[in-house]
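Colleague: All I have is the shape, not the residue letters:
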């Protein structure tokens, strides 16, 4: 189902704290209930601000990974008819490109891992998918981030369906050629991490589940962070945040000059962009949330929902 969050007002309390008034409004139900799907806000004028939802696993546990997408019309509060994808996908990555199309890549298909990729082109009536170049590695539970030059960096993830093999490898997609090339690997192999664009071609990767030490080491929750610099094409160490809670809780959002991060405990962490140091936050959550979502909803405000 779709639920819409809106801040309707605010009140400044004694001591300087601000109390926000808000509403939750039910929206149109998605035609197919899924999880492990992906959503992207469209930027093409023909579907401006509408939301593309792709793939996922049927919540009823029937049929495995989905091979269809739908578009949510924000103004009309309605869903489009099914749009066929090239491949079935769940636990994949997708990102909007400069020309208004959307790159969808990797993930888990029906009984097999995916290294394939496809491009969604929006139209007035919906849109269509077409195959593009495949990645060099199969990967799931990873992120894809667009850089300022229009290329897309696919980062790490798991290379097997059972999620017992994490990889540090990264690849760059060039929309101009439709091809992938290898990029510098991360310091640690990791999947199910958070990845946040923190400046011009700077990507902060935090936590997740990966491997410490030798290649034969078992996967474990990571409290480390690293930064990819698109101007140099290299990764740089960004310290440890110090929490050892569930890797499924890792989320991070840019709020001004710092990154607000959920790190698997009831105490969020803050990463200073200028100091490159981790600090504790000034507030605690009402509980640890696994698999929830975070989104910036205003100047310095982060909404934490679900989980």
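Modeller: Thanks, I have the structure now. Every value quoted in this text rests on a predicted model; they were computed, and no experiment measured them. Residues are numbered from 1 along each chain as shown.

Colleague: Output the below-cut-off pLDDT ranges for the stretch 1-150 of the chain.
Modeller: Regions of the stretch 1-150 of the chain meeting the criterion pLDDT under 70 cover residues 1, 61-63.

Colleague: Relative to residue 36, how far out is residue 235?
Modeller: 27 Å (C-beta to C-beta, to the nearest Å). Every C-beta, even on glycine, is put in place using the N, C-alpha and C of the backbone.

Colleague: Give the residue from those two that has the larger number of neighbours.
Modeller: Under the neighbour definition other C-beta atoms under 10 Å, residue 235 and residue 36 were set side by side, and residue 235 has more, 21 against 18.

Colleague: Strand partners (parallel or antiparallel) of the helix or strand hosting the more buried one?
Modeller: If you go by DSSP states H and E, residue 235 is part of strand 234-240. Sheet partners assigned to strand 234-240 using DSSP bridges are listed as strand 224-229 (antiparallel).

Colleague: Only the buried residues of the strand it pairs with, if you could.
Modeller: Using 16 or more other C-beta atoms under 10 Å as the burial criterion, the residues of strand 224-229 that qualify are 224-228.

Colleague: For those, give me TSV that also has pLDDT.
Modeller: Listed next are the buried residues of strand 224-229 as TSV, based on pLDDT from 0 to 100:
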residue	pLDDT
224	89
225	92
226	95
227	95
228	97
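
Colleague: where does the stretch 151-300 of the chain dip in pLDDT?
Modeller: For the stretch 151-300 of the chain, the ranges with pLDDT under 70 are 213-217, 244-250, 264-265, 289-292, 298-300.

Colleague: go again using 80 as the cut-off
Modeller: Applying pLDDT under 80 to the stretch 151-300 of the chain flags the ranges 212-217, 242-252, 254-256, 260-267, 281-300.

Colleague: Helices of that one, start to end?
Modeller: Using DSSP state H, counting those that start in this stretch, the helices of the stretch 151-300 of the chain do not appear at all; there are none.

Colleague: tally of neighbours for the residue nearest to residue 278 when sequence neighbours are not counted?
Modeller: Beyond its immediate neighbours in the sequence, the residue positioned closest to residue 278 (C-beta to C-beta, 6 or more residues apart in numbering) is residue 241, lying 4.5 Å away. Residue neighbour count, defined by other C-beta under 10 Å, stands at 25 for residue 241.

Colleague: Looks like residue 241 contacts residue 207 (just checking).
Modeller: Yes - if you go by C-beta atoms under 8 Å, residue 241 and residue 207 touch, sitting 7.2 Å apart.

Colleague: Mutual contacts of these two, please.
Modeller: By C-beta atoms under 8 Å, 6 or more residues apart in numbering, residue 241 and residue 207 have these common neighbours: 223, 225, 261, 263.

Colleague: so what's the first one up against?
Modeller: With contacts defined as C-beta under 8 Å, 6+ apart, the neighbours of residue 223 are 207, 240-244, 263.

Colleague: So which of the residues you listed is the closest to residue 297?
Modeller: Distances from residue 297 to those, taken as C-beta to C-beta, are shortest for residue 263 (20.5 Å).

Colleague: wait, isn't that closest one in contact with residue 206?
Modeller: Yes - applying C-beta under 8 Å as the test, residue 263 and residue 206 come out as touching, 7.3 Å apart.

Colleague: Just give the number of residues close to the spatially closest residue to residue 174 that is not a sequence neighbour.
Modeller: With sequence-adjacent residues excluded and distances taken as C-beta to C-beta, 6+ apart, residue 174 is closest to residue 151, at 5.5 Å. By the measure other C-beta under 10 Å, the count of residues near residue 151 is 20.

Colleague: any chance you could read off phi and psi for residue 151?
Modeller: The phi and psi values for residue 151, taken as degrees, to the nearest 10, are phi -80, psi 160.

Colleague: Next, work out how far apart it and residue 72 are.
Modeller: Applying C-beta to C-beta, the value for residue 151 to residue 72 is 28 Å.

Colleague: again with residue 235
Modeller: According to C-beta to C-beta, residue 235 stands 35 Å off from residue 72.

Colleague: do the same with residue 66
Modeller: Computed with C-beta to C-beta, the distance linking residue 66 and residue 72 is 16 Å.

Colleague: more neighbours, these two?
Modeller: Under the criterion of other C-beta under 10 Å, the comparison of residue 66 against residue 72 puts residue 66 first, with 23 against 20.

Colleague: does that one sit in a helix or strand, and which one?
Modeller: Secondary structure from DSSP H and E places residue 66 in strand 66-73.

Colleague: can you give me the offset of the strand holding residue 235 from its chain's centre?
Modeller: Relative to the chain's own centre, strand 234-240 is displaced by 20 Å; criterion: C-alpha atoms, centre = their mean, to the nearest Å.
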